[in-house]
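Engineer: Generate a structure from the sequence data that follows.
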Amino acid sequence: MTDFALTNHAIKLLAAATMLIDHIGVVFFPDAIGWRIVGRLSFPLFIWLLVQGEAHTRDIWRYVLRLVALGAVTQPIYQLTFGTARPNILFVLLLGLVCLRLARNFPRFEIPVWFGAVGLSVGLDLGYGSYGIGLLILTRYFRRDWLWAVLWVGFHWLWAWVDGPFQLPAIAVLLIFWFANGDRGPKARWFYSFYPAHLALLWLIRSVG
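Structural biologist: Reported below is the predicted structural model:
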């Protein structure tokens, strides 16, 4: 490790910024691929923060209820902004949180838990689907070594072969993980509420523009 390190607060800022860039591209510049390339970094960062949050939360049920409430509040805004009936990203994070805690509490059933998560993510048409669960598993077992880096890169190349190259830029996130120190850093109570708030703002700008 070098002296340079990223706290989870810094990663929250990166996740929010890259998500905003991605969604600006979707809403206002759908033909400009550069916005979407930057945006591919966002979801893996949210997965990192979910894994960190599950590992360190003092009240898992409060965490679950927060995601349920924010997911429900966000859904109509999400549908208006993107014109889709699919569940928003907070629901796949909710599934991930539940599976992380089940895997922690019942390690003998860890493999069925992850297979069940893949099935649910596909069956419920959750955003990022089985790709998201694959990221969650890899991030749950993050190790700062070359074997893990090879697995991360290999997973994305395999996914590109199965579903196209759209997510390949997310390979770069391993560099952020590499320099993450796991410290919480300053509190960021705004973080999850930023998701519905920025979607509402984008919808409003487009509506009045």
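
Engineer: which parts of the lengthiest helix in the chain are buried?
Structural biologist: The single longest helix within the chain, with elements called by DSSP state H, is helix 60-82. Across helix 60-82, burial judged by 16 or more other C-beta atoms under 10 Å covers 60, 63, 66-67, 70-71, 73-75, 77-82. Every residue, glycine included, has its C-beta placed from N, CA and C.

Engineer: can you check stretch 80-89 too?
Structural biologist: 80-82, 87-89.

Engineer: And the helices in the chain?
Structural biologist: Counting by DSSP H, the helices of the chain are 8-28, 33-39, 42-56, 60-82, 89-105, 110-123, 129-140, 146-163, 173-179, 194-208.

Engineer: Could you save those helices as JSON lines and add columns showing distance to Gly185 and mean pLDDT?
Structural biologist: Listed next are the helices of the chain as JSON lines, based on distance: least, C-beta to C-beta, whole Å; pLDDT from 0 to 100:
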{"stretch": "helix 8-28", "distance to Gly185": "3", "mean pLDDT": "97"}
{"stretch": "helix 33-39", "distance to Gly185": "23", "mean pLDDT": "97"}
{"stretch": "helix 42-56", "distance to Gly185": "11", "mean pLDDT": "96"}
{"stretch": "helix 60-82", "distance to Gly185": "18", "mean pLDDT": "96"}
{"stretch": "helix 89-105", "distance to Gly185": "20", "mean pLDDT": "96"}
{"stretch": "helix 110-123", "distance to Gly185": "29", "mean pLDDT": "95"}
{"stretch": "helix 129-140", "distance to Gly185": "18", "mean pLDDT": "95"}
{"stretch": "helix 146-163", "distance to Gly185": "23", "mean pLDDT": "96"}
{"stretch": "helix 173-179", "distance to Gly185": "13", "mean pLDDT": "95"}
{"stretch": "helix 194-208", "distance to Gly185": "16", "mean pLDDT": "96"}
